[in-house]
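*Asks:* Need the 3D shape of this:
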Amino acid sequence: MGLLQHGVFQQSPSTPLGLALCPWRNTPVREAVAFAASLGYRAVQLDATHPEARPRSLDRSARRDLAALLKRGELVLTGLDLWLPPEHLADGVHVERASDAVIGAIGLVREIAGLLPTQPVVSLTFPDSPDPHAMEAINAAAERDGVRLANHAWPAAEAGDVGLDPALAIMAGASPAKAVTTLGARLASVRLSDAGVAGRIPLGGQNGRLEASAFAAALAISAPNAAVVADARQLADPRAGARAALEAWAEASAFPGS
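*Replies:* Reported below is the predicted structural model:
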């Protein structure tokens, strides 16, 4: 159960909620990690397009330093975000560089997983018709390194591991809780997000449509091993959104007897 102590939420050790660091792409990773820890998060989701976290820019020493930074903050890793334009994995002009970026992210999360507790997941969005040669190389790398590729396309892909962004489902007129039940064990990672009539809003905000308790219950039953990641992208105030997500999730996931 999440408890508010001196303004900071303490999470259950068994189900840490991660904070996606994408909104802080222009902030040093050290500062973004420190902010997450200061709120009470016990996990983060790194942005593989951040200048300080791009796999191709990190040698082995830098990767150890990144893992050590998370350890000092007593944080685990829920995975990596790699939000490339999906069409880059279908277009011949961009496909080689895009596929190399995915394979690099796979290698980075595998290496970090050897240094601290990590959900070996890369969250991204595949196009409807990706380049077959690129996908062959990407899938081979993921299988070799034991990394799940959470495809966040909506509607959800018919095969393979998937991710779920409730805000996207809501804006399409679908129920996130029902989607969890339908997708079940295929869910490798889920976002914690909400939407209203005008688009994305902070979790628990006025006119929000995510029934957080029903969503948490569906996850506990149908996808208990999926990483859960608070997502403050496209919010006017990501910092406030991060705090709101943590508070709302502490309440929604506090099942009787927990």
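
*Asks:* Counting residues, what is the longest helix that the protein contains?
*Replies:* If you go by DSSP state H, the chain has its longest helix at helix 95-113.

*Asks:* Please pull up the helix or strand immediately following it.
*Replies:* Moving toward the C-terminus from helix 95-113, the first helix or strand encountered (DSSP states H and E) is strand 121-124.

*Asks:* quick one: the helices in the stretch 1-150 of the chain?
*Replies:* Taking DSSP state H, counting those that start in this stretch as the test, the helices found in the stretch 1-150 of the chain are 29-39, 60-72, 95-113, 132-145.

*Asks:* Same list (these) but as TSV, adding mean neighbour count, mean pLDDT and distance to Ser253.
*Replies:* No exception for glycine: its C-beta is placed from N, CA and C like everyone else's. TSV is the format used below for the helices of the stretch 1-150 of the chain (neighbours: other Cβ atoms under 10 Å; pLDDT from 0 to 100; distance: least, Cβ to Cβ, whole Å):
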stretch	mean neighbour count	mean pLDDT	distance to Ser253
helix 29-39	18	97	16
helix 60-72	15	96	22
helix 95-113	21	97	24
helix 132-145	16	98	29
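
*Asks:* Dump the ones you listed into TSV; add distance to Ala230 as well.
*Replies:* Shown next, in TSV, are the helices of the stretch 1-150 of the chain (distance: least, Cβ to Cβ, whole Å):
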stretch	distance to Ala230
helix 29-39	9
helix 60-72	16
helix 95-113	19
helix 132-145	25
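
*Asks:* that older thread, how distant is the longest helix of the chain from the center of its chain?
*Replies:* From the chain centre to the centre of helix 95-113 is a distance of 16 Å (Cα atoms, centre = their mean, to the nearest Å).

*Asks:* Return the angle between stretch directions for that helix and helix 60-72.
*Replies:* 50 degrees (axes from the mean of the first three to the mean of the last three Cα atoms, to 10 degrees).

*Asks:* what does helix 95-113 contact?
*Replies:* 48, 53-56, 58, 60, 63, 66-67, 77, 79-80, 82, 84, 88-89, 118, 120-122, 124, 131, 134, 137-138, 141-142, 145-147, 149 (Cβ atoms under 8 Å, 6 or more residues apart in numbering).

*Asks:* make it 6 Å
*Replies:* 48, 55-56, 63, 67, 77, 80, 82, 84, 88-89, 118, 120, 122, 131, 134, 137-138, 141-142, 145, 147 (Cβ atoms under 6 Å, 6 or more residues apart in numbering).

*Asks:* again with stretch 180-200
*Replies:* Taking Cβ under 6 Å, 6+ apart as the rule, stretch 180-200 contacts 79, 121, 123, 148, 150, 156, 161-167, 170-171, 201, 203, 207-208, 210, 218-219, 222-223, 226-231, 234, 245, 249.

*Asks:* Just the buried ones out of those residues, please.
*Replies:* Taking 16 or more other Cβ atoms under 10 Å as the criterion, what is buried in the contacts of stretch 180-200 is 79, 121, 123, 148, 150, 156, 161-167, 170-171, 201, 203, 208, 210, 218-219, 222-223, 226-231, 245, 249.

*Asks:* List the ones among the residues you listed that fall in helices.
*Replies:* When the buried ones among the contacts of stretch 180-200 are checked against helices (DSSP H), the matches are 166-167, 170-171, 218-219, 222, 245, 249.

*Asks:* Among the residues you listed, which pair sits farthest apart?
*Replies:* Maximum pairwise distance among those (Cβ to Cβ): 22.0 Å, between Met171 and Ser222.

*Asks:* Perfect, I'm done here.
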